[in-house]
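Undergrad: Fold the following.
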Amino acid sequence: MTATVYAPVTAPQRSIVSPKTKGMRHATIRAATVVDAARLHQLIADHLAEGRLLPRGLPDLEAHATRFFVATAGEAIVGCAELAPLGRSVAEVRSLAVEASHRGVGVGAALIGAVIAKARAGYFARLSAFTHEPAPFVRRGFSIVPRLWVPQKIATDCVTCDRLRHCEQRALLLDLRSAGTSPEAPPQVA
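TA: Residues are numbered from 1 along each chain as shown. Presented below is the predicted three-dimensional model:
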């Protein structure tokens with residue numbers, strides 16, 4: 001089975017090499033498949049244990065695996081992010097997770113870039129994200145906004161969340177109708 005590869009650069013497939021990386025650590029961004037669902041589940045569970053993400057069941061991930069991008073290092077999946085439609089004109093960067101050993105070297109930024117590119121191609125007007133770490137999103141052009149500005153997210157996930165009244169996540173929005181995808185330079189590629 002051949003997967004379509006998406007990356008925040010123009011080439012069909014690129015490896016990310018960050019200047020922060022000690023040694024050569026490469027990651028390639030590609031579209032996920034149903035076969036990847038178990039690994040997606042494990043990555044999300046690891047972040048859930050750290051208090052970073054909401055839980056996702058394996059059946060849910062199997063049903064929506066094709067909405068995900070994964071970052072691979074060799075054959076291993078080291079990160080993931082989902083483009084989750086919330087309505088006709090708004091989508092969400094959901095379940096962004098990067099293995100601890102690959103954090104801080106541009107993998108998360110590349111996954112966000114892939115989701116932004118797919119959202120633009122999907123004709124969404126706005127892309128949202130809810131996160132404890134807004135900086136990578138702000139560097140990609142997102143603005144921190146009140147949660148109520150994303151009522152679709154609240155109706156989809158927040159109303160049933162135990163943390164609703166004590167949520168520490170920040171809501172972010174990116175207007176996809178504006179020119180350019182990011183004020184940040186793309187990661188270096190090898």
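
Undergrad: So for this protein, the centremost residue is which one?
TA: In the chain, the C-alpha nearest the mean C-alpha coordinate belongs to Ala81, at 3.1 Å (CA atoms, centre = their mean).

Undergrad: Surely it forms part of a strand?
TA: Yes: assessed with DSSP: H, G, I helix; E, B strand; the rest coil, Ala81 lies in a strand.

Undergrad: right, and it touches Val115 too?
TA: Yes: the criterion here is CB atoms under 8 Å, and Ala81 meets it with Val115 at 5.2 Å. All C-beta atoms are positioned from the backbone trio N, CA, C, and that covers glycine.

Undergrad: pLDDT score for Glu50?
TA: Glu50 is assigned a pLDDT of 76 by the prediction.

Undergrad: Please apply the same query to the one 5 residues further on.
TA: According to the predicted model, the pLDDT of Pro55 comes to 79.

Undergrad: ok, so what distance separates it from Leu61?
TA: 11 Å (CB to CB, to the nearest Å).

Undergrad: can you list residues touching both of those two?
TA: Between them, Pro55 and Leu61 have Ile44 as joint contacts when contacts are counted by CB atoms under 8 Å, 6 or more residues apart in numbering.

Undergrad: Please say which of the two ends up with more neighbours.
TA: With neighbours defined as other CB atoms under 10 Å, Pro55 and Leu61 compare such that Leu61 has more, 24 against 10.

Undergrad: May I have the secondary structure class of the more buried one?
TA: helix.

Undergrad: so where's this protein shaky on pLDDT?
TA: For the chain, residues meeting the criterion pLDDT under 70 lie at 1-25, 148, 151, 154-155, 157-168, 179-190.

Undergrad: would you list every one of the helices in it?
TA: Assigned by DSSP state H, the chain shows helices spanning 37-49, 58-64, 107-121, 135-139, 151-156.

Undergrad: Let's have those helices in CSV, adding distance to Ala129.
TA: Formatted as CSV, the helices of the chain follow (distance: least, CB to CB, whole Å):
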stretch, distance to Ala129
helix 37-49, 14
helix 58-64, 17
helix 107-121, 8
helix 135-139, 5
helix 151-156, 9
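
Undergrad: Any idea which of these gets closest to Ile29?
TA: Judged by CB to CB, the one of these that comes nearest to Ile29 is helix 107-121, at 5.0 Å.

Undergrad: Give me the buried positions along the closest one.
TA: 107-119 (16 or more other CB atoms under 10 Å).

Undergrad: And that helix, how far out from the chain middle?
TA: For helix 107-121, the separation from the chain centroid amounts to 7 Å (computed by CA atoms, centre = their mean, to the nearest Å).

Undergrad: Can you name every helix or strand that it contacts?
TA: Where contact means 3 or more CB pairs under 8 Å, 6 or more residues apart in numbering; DSSP states H and E, helix 107-121 is packed against strand 28-31, strand 68-73, strand 76-85, strand 90-98, strand 126-131, helix 135-139.
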